[in-house]
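>>> could you look at this predicted model? Sequence included:
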Amino acid sequence: MIFIPFAFPGVPGVGCVFGTGLSVPGGLADPRATMAMTGAADTGLVAANRRAAKAALGFAVWHSLKQVHGVELAFEPAGDNMTCPSNLEADGMVDSRPGHALAIKTADCQPVLLAHSSGRFVAALHVGWRGSVANFIGVGVRGFCAQYGLSPADLLAVRGPSLGPGAAEFQRFATEFGDSFRPFFDPRTQRVDLWRLTRAQLLSAGLREDCIFGLDLCTHDLPQFFSYRRDRTTGRQTSLIWIRENA
(Lines give C-alpha, C1' and ligand atoms only; values in the text may rest on other atoms or scores of the structure.)
Protein backbone atom coordinates (compact mmCIF):
# COMPACT_ATOMS: atom_id res chain seq x y z
CA MET A 1 0.00 0.00 0.00
CA ILE A 2 1.14 3.53 -0.72
CA PHE A 3 0.78 6.07 2.08
CA ILE A 4 1.40 9.80 2.32
CA PRO A 5 3.39 10.48 5.52
CA PHE A 6 2.79 13.50 7.71
CA ALA A 7 5.07 14.67 10.52
CA PHE A 8 3.65 16.79 13.33
CA PRO A 9 6.21 19.57 13.94
CA GLY A 10 8.12 18.95 17.15
CA VAL A 11 6.40 15.62 17.85
CA PRO A 12 8.70 12.94 16.40
CA GLY A 13 7.28 10.21 18.63
CA VAL A 14 3.97 10.12 16.73
CA GLY A 15 3.56 8.28 13.42
CA CYS A 16 0.95 9.58 10.99
CA VAL A 17 0.09 8.53 7.43
CA PHE A 18 -2.76 9.01 4.98
CA GLY A 19 -3.70 6.18 2.67
CA THR A 20 -4.31 6.23 -1.06
CA GLY A 21 -6.03 3.72 -3.31
CA LEU A 22 -2.74 2.73 -4.89
CA SER A 23 -0.86 -0.53 -4.57
CA VAL A 24 1.90 0.61 -6.98
CA PRO A 25 3.10 4.15 -7.83
CA GLY A 26 1.09 5.99 -10.46
CA GLY A 27 -2.10 4.97 -12.20
CA LEU A 28 -5.61 4.81 -10.78
CA ALA A 29 -7.05 3.72 -7.46
CA ASP A 30 -7.15 -0.07 -7.42
CA PRO A 31 -10.05 -1.88 -5.68
CA ARG A 32 -7.53 -4.49 -4.52
CA ALA A 33 -5.85 -1.79 -2.41
CA THR A 34 -8.90 -1.26 -0.17
CA MET A 35 -8.30 -1.35 3.59
CA ALA A 36 -11.93 -1.84 4.66
CA MET A 37 -13.48 -5.23 5.47
CA THR A 38 -17.08 -4.09 5.04
CA GLY A 39 -18.20 -4.61 1.46
CA ALA A 40 -14.88 -6.11 0.39
CA ALA A 41 -15.01 -8.92 -2.14
CA ASP A 42 -11.96 -10.55 -0.57
CA THR A 43 -11.51 -9.97 3.16
CA GLY A 44 -8.35 -12.09 3.06
CA LEU A 45 -6.83 -9.53 0.70
CA VAL A 46 -7.86 -6.69 3.02
CA ALA A 47 -6.17 -8.48 5.93
CA ALA A 48 -3.04 -8.91 3.81
CA ASN A 49 -3.09 -5.19 2.98
CA ARG A 50 -3.34 -4.34 6.67
CA ARG A 51 -0.50 -6.70 7.56
CA ALA A 52 1.63 -5.10 4.82
CA ALA A 53 0.93 -1.68 6.34
CA LYS A 54 1.92 -2.95 9.77
CA ALA A 55 5.20 -4.33 8.46
CA ALA A 56 6.02 -1.16 6.54
CA LEU A 57 5.07 1.33 9.24
CA GLY A 58 6.17 -0.50 12.36
CA PHE A 59 3.14 -0.37 14.67
CA ALA A 60 2.03 -3.40 16.70
CA VAL A 61 -1.80 -3.36 16.96
CA TRP A 62 -4.52 -2.26 14.51
CA HIS A 63 -7.71 -0.62 15.78
CA SER A 64 -10.58 0.24 13.47
CA LEU A 65 -14.28 0.98 13.93
CA LYS A 66 -17.69 0.29 12.49
CA GLN A 67 -18.08 3.91 11.39
CA VAL A 68 -21.67 5.17 11.50
CA HIS A 69 -21.41 8.95 10.89
CA GLY A 70 -22.08 9.68 14.56
CA VAL A 71 -20.30 11.48 17.39
CA GLU A 72 -19.20 8.61 19.62
CA LEU A 73 -15.60 8.14 20.75
CA ALA A 74 -13.91 4.87 21.70
CA PHE A 75 -11.36 5.21 24.49
CA GLU A 76 -8.33 2.93 24.22
CA PRO A 77 -10.27 0.26 22.29
CA ALA A 78 -9.71 -3.39 23.08
CA GLY A 79 -8.71 -6.13 20.65
CA ASP A 80 -6.93 -6.09 17.33
CA ASN A 81 -8.97 -5.76 14.11
CA MET A 82 -6.12 -6.60 11.75
CA THR A 83 -7.88 -9.63 10.24
CA CYS A 84 -11.54 -9.10 11.10
CA PRO A 85 -14.25 -6.41 10.91
CA SER A 86 -14.87 -4.28 13.97
CA ASN A 87 -18.23 -4.40 15.75
CA LEU A 88 -17.45 -1.26 17.76
CA GLU A 89 -19.78 1.50 16.52
CA ALA A 90 -18.08 4.89 16.80
CA ASP A 91 -16.43 7.48 14.60
CA GLY A 92 -13.40 8.36 16.67
CA MET A 93 -10.76 6.80 18.90
CA VAL A 94 -8.24 8.08 21.44
CA ASP A 95 -5.21 6.24 22.82
CA SER A 96 -2.10 6.55 24.97
CA ARG A 97 -0.55 3.11 24.34
CA PRO A 98 2.59 2.97 22.19
CA GLY A 99 2.29 0.78 19.12
CA HIS A 100 -1.50 0.95 18.89
CA ALA A 101 -2.49 2.33 15.48
CA LEU A 102 -5.87 4.08 15.13
CA ALA A 103 -7.33 3.56 11.64
CA ILE A 104 -9.92 5.78 9.96
CA LYS A 105 -11.45 4.56 6.67
CA THR A 106 -12.62 7.11 4.10
CA ALA A 107 -13.73 7.60 0.50
CA ASP A 108 -14.44 11.39 0.53
CA CYS A 109 -15.04 11.97 4.26
CA GLN A 110 -12.35 13.76 6.25
CA PRO A 111 -9.83 11.85 8.35
CA VAL A 112 -8.79 14.22 11.14
CA LEU A 113 -5.82 13.06 13.21
CA LEU A 114 -4.73 14.71 16.45
CA ALA A 115 -1.64 14.48 18.63
CA HIS A 116 -0.70 16.04 21.96
CA SER A 117 2.49 18.07 21.91
CA SER A 118 4.07 15.62 24.40
CA GLY A 119 3.69 12.78 21.88
CA ARG A 120 1.99 10.66 24.56
CA PHE A 121 -1.63 10.90 23.39
CA VAL A 122 -3.29 10.57 19.97
CA ALA A 123 -6.78 10.62 18.48
CA ALA A 124 -8.38 9.83 15.12
CA LEU A 125 -11.73 11.15 13.87
CA HIS A 126 -13.92 10.19 10.90
CA VAL A 127 -15.70 13.39 9.86
CA GLY A 128 -18.27 13.16 7.09
CA TRP A 129 -20.62 16.02 6.31
CA ARG A 130 -23.03 14.76 8.99
CA GLY A 131 -20.16 14.84 11.46
CA SER A 132 -19.41 18.39 10.40
CA VAL A 133 -23.02 19.43 11.00
CA ALA A 134 -22.94 17.77 14.44
CA ASN A 135 -19.55 19.40 15.22
CA PHE A 136 -17.90 16.05 15.85
CA ILE A 137 -14.61 17.97 15.80
CA GLY A 138 -15.64 19.84 18.94
CA VAL A 139 -17.10 16.74 20.57
CA GLY A 140 -13.96 14.75 19.77
CA VAL A 141 -11.54 17.36 21.06
CA ARG A 142 -13.49 17.75 24.31
CA GLY A 143 -13.64 13.99 24.85
CA PHE A 144 -9.94 13.53 24.04
CA CYS A 145 -8.93 16.29 26.46
CA ALA A 146 -11.26 15.12 29.22
CA GLN A 147 -9.95 11.54 29.02
CA TYR A 148 -6.34 12.53 29.69
CA GLY A 149 -6.61 15.94 31.36
CA LEU A 150 -5.26 17.82 28.35
CA SER A 151 -5.62 21.39 27.10
CA PRO A 152 -6.82 21.90 23.50
CA ALA A 153 -4.11 24.55 23.15
CA ASP A 154 -1.53 21.75 23.38
CA LEU A 155 -3.01 19.69 20.54
CA LEU A 156 -1.96 19.51 16.91
CA ALA A 157 -4.36 18.42 14.16
CA VAL A 158 -4.11 17.47 10.51
CA ARG A 159 -6.93 16.93 8.01
CA GLY A 160 -6.22 14.36 5.34
CA PRO A 161 -7.29 13.97 1.69
CA SER A 162 -11.05 14.34 1.34
CA LEU A 163 -13.82 15.99 -0.67
CA GLY A 164 -12.51 19.41 -1.69
CA PRO A 165 -14.40 22.71 -1.89
CA GLY A 166 -14.72 22.42 -5.66
CA ALA A 167 -16.51 19.07 -5.45
CA ALA A 168 -18.58 19.24 -2.24
CA GLU A 169 -21.96 20.00 -3.82
CA PHE A 170 -25.03 19.94 -1.55
CA GLN A 171 -28.28 20.66 -3.39
CA ARG A 172 -30.28 20.30 -0.14
CA PHE A 173 -28.02 22.60 1.86
CA ALA A 174 -30.88 24.30 3.72
CA THR A 175 -32.18 21.04 5.18
CA GLU A 176 -28.86 19.17 5.52
CA PHE A 177 -26.77 22.00 6.98
CA GLY A 178 -28.87 25.05 7.87
CA ASP A 179 -28.32 28.78 8.24
CA SER A 180 -25.46 28.62 10.74
CA PHE A 181 -23.25 27.06 8.03
CA ARG A 182 -23.94 29.69 5.34
CA PRO A 183 -20.48 31.33 5.75
CA PHE A 184 -19.05 28.09 4.28
CA PHE A 185 -21.61 27.76 1.45
CA ASP A 186 -21.48 29.23 -2.06
CA PRO A 187 -25.10 29.47 -3.30
CA ARG A 188 -23.93 30.00 -6.89
CA THR A 189 -22.29 26.59 -7.07
CA GLN A 190 -24.17 24.91 -4.17
CA ARG A 191 -20.83 23.83 -2.73
CA VAL A 192 -19.67 23.76 0.89
CA ASP A 193 -16.04 24.40 1.83
CA LEU A 194 -15.73 21.52 4.28
CA TRP A 195 -11.98 22.08 4.65
CA ARG A 196 -12.49 25.65 5.86
CA LEU A 197 -15.34 24.50 8.11
CA THR A 198 -13.12 21.90 9.79
CA ARG A 199 -10.42 24.48 10.41
CA ALA A 200 -13.01 26.82 11.96
CA GLN A 201 -14.32 24.03 14.20
CA LEU A 202 -10.80 23.13 15.35
CA LEU A 203 -10.14 26.77 16.21
CA SER A 204 -13.46 26.97 18.05
CA ALA A 205 -12.51 23.81 19.99
CA GLY A 206 -9.44 25.64 21.32
CA LEU A 207 -6.58 24.57 19.04
CA ARG A 208 -4.01 27.19 18.08
CA GLU A 209 -4.06 28.38 14.49
CA ASP A 210 -0.42 27.44 13.92
CA CYS A 211 -1.12 23.87 15.08
CA ILE A 212 -3.78 23.11 12.45
CA PHE A 213 -2.64 21.50 9.20
CA GLY A 214 -4.32 20.12 6.10
CA LEU A 215 -3.49 18.05 3.04
CA ASP A 216 -5.43 19.87 0.32
CA LEU A 217 -5.92 16.82 -1.88
CA CYS A 218 -9.44 16.27 -3.23
CA THR A 219 -10.41 12.60 -3.32
CA HIS A 220 -13.06 13.27 -5.98
CA ASP A 221 -10.67 14.99 -8.39
CA LEU A 222 -7.53 12.90 -7.91
CA PRO A 223 -7.68 9.38 -9.39
CA GLN A 224 -5.21 7.90 -6.90
CA PHE A 225 -7.88 8.08 -4.19
CA PHE A 226 -11.10 6.15 -3.69
CA SER A 227 -14.10 8.48 -4.01
CA TYR A 228 -17.70 7.53 -3.29
CA ARG A 229 -19.02 10.68 -4.97
CA ARG A 230 -17.10 9.94 -8.14
CA ASP A 231 -17.52 6.17 -8.42
CA ARG A 232 -20.31 5.18 -5.97
CA THR A 233 -19.03 1.61 -5.71
CA THR A 234 -15.51 1.94 -4.38
CA GLY A 235 -12.95 0.84 -1.82
CA ARG A 236 -11.73 2.75 1.21
CA GLN A 237 -8.34 4.25 1.94
CA THR A 238 -7.13 4.27 5.54
CA SER A 239 -5.42 6.95 7.58
CA LEU A 240 -3.40 5.91 10.63
CA ILE A 241 -1.93 7.56 13.71
CA TRP A 242 0.06 5.86 16.46
CA ILE A 243 2.61 6.49 19.20
CA ARG A 244 5.96 5.02 18.21
CA GLU A 245 7.16 2.28 20.53
CA ASN A 246 10.79 3.40 20.34
CA ALA A 247 10.07 7.09 20.91
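The structure has been received and is ready for your questions.
>>> and the residue lying farthest from the centre of the chain, how far from residue 169?
Residue farthest from the centre of the chain, counting by C-alpha atoms, centre = their mean, is residue 188 at 29.2 Å. For residue 188, the distance to residue 169 equals 11 Å [C-beta to C-beta, to the nearest Å]. Every C-beta, even on glycine, is put in place using the N, C-alpha and C of the backbone.
>>> gap between the closest residue to residue 199 other than its chain neighbours and residue 205?
Spatially, and ignoring its direct neighbours in sequence, residue 199 is nearest to residue 212 (5.7 Å; C-beta to C-beta, 6 or more residues apart in numbering). From residue 212 over to residue 205 the distance is 10 Å, taken as C-beta to C-beta.
>>> mind listing what's buried along stretch 130-140?
By 16 or more other C-beta atoms under 10 Å, the buried positions in stretch 130-140 come out as 131-140.
>>> next one: stretch 54-65
54, 57, 59, 61-65.
>>> same question, stretch 209-221
211-214, 217-220.
>>> got a markdown table for the buried residues of stretch 54-65, with secondary structure and pLDDT too?
Output for those, formatted as a markdown table (DSSP: H, G, I helix; E, B strand; the rest coil; pLDDT from 0 to 100):
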| residue | secondary structure | pLDDT |
| --- | --- | --- |
| 54 | helix | 96 |
| 57 | helix | 97 |
| 59 | coil | 98 |
| 61 | strand | 97 |
| 62 | strand | 98 |
| 63 | strand | 98 |
| 64 | coil | 97 |
| 65 | coil | 97 |
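>>> just flag the most distant two among those residues.
For these, the farthest-apart pair by C-beta to C-beta is 57 and 65; their separation is 18.9 Å.
>>> tell me the centre residue of this structure?
Central residue of the chain (C-alpha atoms, centre = their mean): residue 111, at 1.7 Å.
>>> can you give me the strands in this protein?
Taking DSSP state E to define them, one finds strands in the chain at 3-5, 14-19, 61-63, 73-75, 92-95, 100-106, 110-116, 122-127, 155-159, 185-186, 191-192, 212-214, 237-243.
>>> for the first one, buried residues please.
Yep, that's strand 3-5 we're talking about. In strand 3-5, counting by 16+ other C-beta under 10 Å, buried: 3-4.
>>> try the fourth one
With burial defined by 16+ other C-beta under 10 Å, the residues of strand 73-75 counted as buried are 73-75.
>>> would you turn these into CSV with pLDDT and distance to residue 96?
Output for those, formatted as CSV (pLDDT from 0 to 100; distance: C-beta to C-beta, whole Å):
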residue, pLDDT, distance to residue 96
73, 98, 14
74, 98, 13
75, 98, 10
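>>> what's the closest of the residues you listed to residue 50?
residue 74 (18.1 Å).
>>> and the helices in this structure?
Under the criterion DSSP state H, the chain carries helices at the ranges 43-57, 129-133, 136-148, 173-176, 194-204, 228-231.
>>> TSV for those helices, including distance to residue 164?
Formatted as TSV, the helices of the chain follow (distance: least, C-beta to C-beta, whole Å):
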stretch	distance to residue 164
helix 43-57	25
helix 129-133	13
helix 136-148	18
helix 173-176	17
helix 194-204	7
helix 228-231	11
